[in-house]
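K.L.:
generate coordinates for the sequence data below:
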Amino acid sequence: MQPSQAKYVPFPPVNLVDRQWPGRTITQAPIWMSTDLRDGNQALFEPMNAEKKMRMFKTLCAIGFKEIEIAFPSASETEFGFVRQLIEGGHIPDDVRIEVLTQAREHLIRRTMESVKGAKQAIVHVYNATCKTFRENVFGMSKAEVIAMATDAVRHIRTLADEMPETEITLEYSPELFTATELDFAKEVCDAVTAAWGATPERKVILNLPTTVEIATPNIYADQIEWMHRNLERRDSVLISLHPHNDRGTAVAAAELGLMAGADRVEGCLFGNGERTGNVDLVTLALNMHTQGVDPQLDFSDINAVARTFEHCTQLPIHPRHPYVGDLVFTAFSGSHQDAIKKGFAAQKADEPWTVPYLPIDPADVGRSYDSVIRVNSQSGKGGIAYLMETEHGIVMPRRLQVEFSGVVQKHTDTHGGEVSANDIWALFSTTYLESTAAIRYREHHLFEHGQQQGIRLSVDINGTPHLLTGEGNGPINAAMHALQSAGIQAQVRSYEERSMVPMGEDGNARACAFIEMAASGCGECYGAGIDANIVTASIKALISGVNRLGIARHIGQAA
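P.N.:
Have a look, this model is predicted:
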């Protein structure tokens, strides 16, 4: 049974006819505030213990956060104790401001202020709900009473702050459920708060304007932020902060548009942790800026280490498709994607803008290797296979061999299912081209000069029986082909390529890899491959590999 749509009323647009944010871009990083230890922590099945909170705090500092909301001190002794542990243990870097949250209630404010005594600097974050639903249905308060609640709390914080001259206290105020509050009333409350605090350009108030619950599209939020940005009193004495939640799945977009609309600061959590569907994901938001050439001022160069810390502390998994950090986000299974990525890597120059297809960010920028970029399953094609053969084993296959070998891998994945690793692909290549169990096996060869010709004595096993074949030609390969023809082989060499074989990242002696494309009447065409430290030996092995793969061993046996 479908629910009646009449119960859901679209959120009305903001009357902002000359909005400016659509024509703007983000050109610098905002002030970042992590609430992983407060909003994120209270959203966990099992809140972090002291060890995990300390590990998370140190990780946030190492990433580069200068403002970190660490606790709701009046909520429990555990929360209060963690604040005291950070301060008394000297764990707070001089350039980091801790932040604590409190409701707009006198006894809770007093306990909160006690928690930050002795800190060099702290942000005291106070909030009360301002929207009509809460005013009328939850609290039964008038607009005047809501304003009085906010300003009384601010004056109380100011009085207690004056008694703590050793600690620089910054006020943050949140009109909870801002996006559902009438804009003119939200402005009225915020203006009353900045007046009660005595905000100046030197002593700014942080006005946090949250999407406590996402109830409209991101453009509506941007309109609300721009309207406040343009209409607030004492704008030069205010930092506008965003705190988007993700109920509609658009928190990152809301934050980006809110910054374009005039906001100065963003609050959120690593990987989008938080109540319900989470807070805005600060990692995604920061790395989105990075891909646009904006320095986010946060260090995610070892994103795997950050992810493992997050998972340990929160006991929450990170989805394998999570932007930038998921285990599979730099992995392509699609054959066409793999081919484009491989060619993109080949064309990418270190001193030019990043343009590799399907990869909006260089994996190396976040400490990821290229090893996991291309993986192979039944959906994969020649590009991915060729990439793994080159990067893992140093074999650069000719294009037609890529097509041929991809069919071998495809047949394997269709039969066995699942993903095949680089080692699995190498085993298939080796079995198909290098370790054939067909009739002819190379033993050794000796070259000799015969006038203008190259001569060869070729020792092979044919169906288990040793044979010594002799031939002459205009080079070693041609001579070897004539030697095989003396045993009844009737085949032609269509193309020949040779390459040195040094797997990526290895030093030392290179081996040679030879590829010979061959054809025989009634047998079609195929490639042979050979690997050896000596290029001539590799070429002869490739020739024999091709003969075996043509399936004409029975003719050789009959001729012998």
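K.L.:
C-alpha only now, for contacts and for neighbours.
P.N.:
OK.
K.L.:
middle-most residue in the protein, spatially?
P.N.:
residue 324 (1.2 Å; CA atoms, centre = their mean).
K.L.:
confirm it sits in a helix?
P.N.:
No - counting by DSSP: H, G, I helix; E, B strand; the rest coil, residue 324 is not part of a helix but coil.
K.L.:
using PDB, write out every CA atom in the longest helix along the chain.
P.N.:
Looking across the chain with DSSP state H, the single longest helix is helix 143-162. The C-alpha coordinates for helix 143-162 follow below in PDB (Å, rounded to 0.1, in the frame of the first residue of the first chain):
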ATOM      1  CA  LYS A 143       9.400  33.600  20.300                       C
ATOM      2  CA  ALA A 144      10.300  36.000  23.000                       C
ATOM      3  CA  GLU A 145      10.900  33.200  25.500                       C
ATOM      4  CA  VAL A 146      13.100  31.300  22.900                       C
ATOM      5  CA  ILE A 147      15.200  34.500  22.500                       C
ATOM      6  CA  ALA A 148      15.400  35.000  26.200                       C
ATOM      7  CA  MET A 149      16.600  31.400  26.700                       C
ATOM      8  CA  ALA A 150      19.400  31.900  24.200                       C
ATOM      9  CA  THR A 151      20.600  35.300  25.500                       C
ATOM     10  CA  ASP A 152      20.400  34.300  29.200                       C
ATOM     11  CA  ALA A 153      22.600  31.300  28.400                       C
ATOM     12  CA  VAL A 154      25.100  33.500  26.500                       C
ATOM     13  CA  ARG A 155      25.300  36.100  29.300                       C
ATOM     14  CA  HIS A 156      25.900  33.200  31.800                       C
ATOM     15  CA  ILE A 157      28.700  31.900  29.700                       C
ATOM     16  CA  ARG A 158      30.200  35.400  29.400                       C
ATOM     17  CA  THR A 159      30.100  35.900  33.200                       C
ATOM     18  CA  LEU A 160      31.800  32.500  33.800                       C
ATOM     19  CA  ALA A 161      34.400  33.200  31.100                       C
ATOM     20  CA  ASP A 162      35.300  36.500  32.800                       C
END
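K.L.:
quick one: strands adjacent to the next helix-or-strand element following it?
P.N.:
The C-terminal neighbour of helix 143-162 among helices and strands, as given by DSSP states H and E, is strand 168-176. With DSSP bridges as the test, strand 168-176 is paired with strand 121-129 (parallel), strand 205-211 (parallel).
K.L.:
need these in CSV with mean pLDDT, distance to residue 306 and mean neighbour count, can you?
P.N.:
Below are these laid out as CSV (pLDDT from 0 to 100; distance: least, CA to CA, whole Å; neighbours: other CA atoms under 10 Å):
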stretch, mean pLDDT, distance to residue 306, mean neighbour count
strand 121-129, 98, 25, 22
strand 205-211, 98, 26, 25
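K.L.:
out of those, flag the one nearest residue 299.
P.N.:
Closest approach to residue 299 among the strands paired with strand 168-176 is made by strand 121-129 (23.2 Å; CA to CA).
K.L.:
hmm, who's touching the closest one?
P.N.:
97-104, 113, 116, 135, 146, 149-150, 153-154, 167-178 (CA atoms under 8 Å, 6 or more residues apart in numbering).
K.L.:
next helix or strand past that strand?
P.N.:
Per DSSP H and E, the helix or strand that comes after strand 121-129 is helix 132-133.
K.L.:
just the residues contacting that following helix, thanks.
P.N.:
Under CA under 8 Å, 6+ apart, the answer for helix 132-133 is 180, 181, 182.
K.L.:
burial count for the first one?
P.N.:
Under the neighbour criterion other CA atoms under 10 Å, residue 180 is assigned a count of 22.
K.L.:
got a list of what the closest residue to it other than its chain neighbours touches?
P.N.:
Counting by CA to CA, 6 or more residues apart in numbering, residue 131 is the residue found nearest to residue 180 once chain neighbours are left out, at 5.6 Å. With contacts defined as CA under 8 Å, 6+ apart, residue 131 is in contact with 176, 177, 178, 180, 181, 182.
K.L.:
buried subset of these, written for ChimeraX?
P.N.:
Selection of the buried residues among the contacts of residue 131 in ChimeraX, burial being defined by 16 or more other CA atoms under 10 Å:
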select :176,177,178,180,181
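K.L.:
and the contacts of residue 131, which is closest to residue 225?
P.N.:
Closest to residue 225, out of all of the contacts of residue 131 and judged by CA to CA, is residue 178, at 10.1 Å.
K.L.:
per-residue pLDDT of that closest one, please?
P.N.:
The model reports residue 178 with a pLDDT of 97.
K.L.:
so what's residue 64 up against?
P.N.:
Residue 64 touches 297, 298, 299, counting by CA under 8 Å, 6+ apart.
K.L.:
between strand 121-129 and the longest helix of the chain, find me the angle.
P.N.:
160 degrees (axes from the mean of the first three to the mean of the last three CA atoms, to 10 degrees).
K.L.:
helices or strands next to helix 143-162 in the packing?
P.N.:
helix 106-115, strand 121-129, strand 168-176, helix 183-197 (3 or more CA pairs under 8 Å, 6 or more residues apart in numbering; DSSP states H and E).
K.L.:
tell me the average confidence for the first one?
P.N.:
Per-residue confidence for helix 106-115 averages out to 98 on the pLDDT scale.
K.L.:
buried stuff in it?
P.N.:
106, 108, 109, 112, 113, 114, 115.
K.L.:
now render the residues you listed as TSV, adding distance to residue 499.
P.N.:
Listed next are those as TSV, based on distance: CA to CA, whole Å:
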residue	distance to residue 499
106	78
108	74
109	73
112	70
113	71
114	72
115	69
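K.L.:
now, among the residues you listed, which is nearest to residue 225?
P.N.:
residue 109 (27.9 Å).
K.L.:
from memory that closest one sits against residue 102, does it?
P.N.:
Yes - using CA atoms under 8 Å, residue 109 makes contact with residue 102 at a distance of 6.1 Å.
K.L.:
can you check which residues contact both of the two?
P.N.:
Counting by CA under 8 Å, 6+ apart, the residues touching both residue 109 and residue 102 are residue 74.
K.L.:
show me what counts as buried in stretch 405-420.
P.N.:
For stretch 405-420, burial by neighbour count (16+ other CA under 10 Å) applies to 405, 406, 409, 410, 412, 413, 420.
K.L.:
out of these, which sit inside helices?
P.N.:
If you go by DSSP H, the buried residues of stretch 405-420 have 405, 406, 409, 410, 412, 413 in helices.
K.L.:
just the strands in the stretch 451-560 of the chain please.
P.N.:
453-462, 465-473, 492-501, 511-520, 524-532 (DSSP state E, counting those that start in this stretch).
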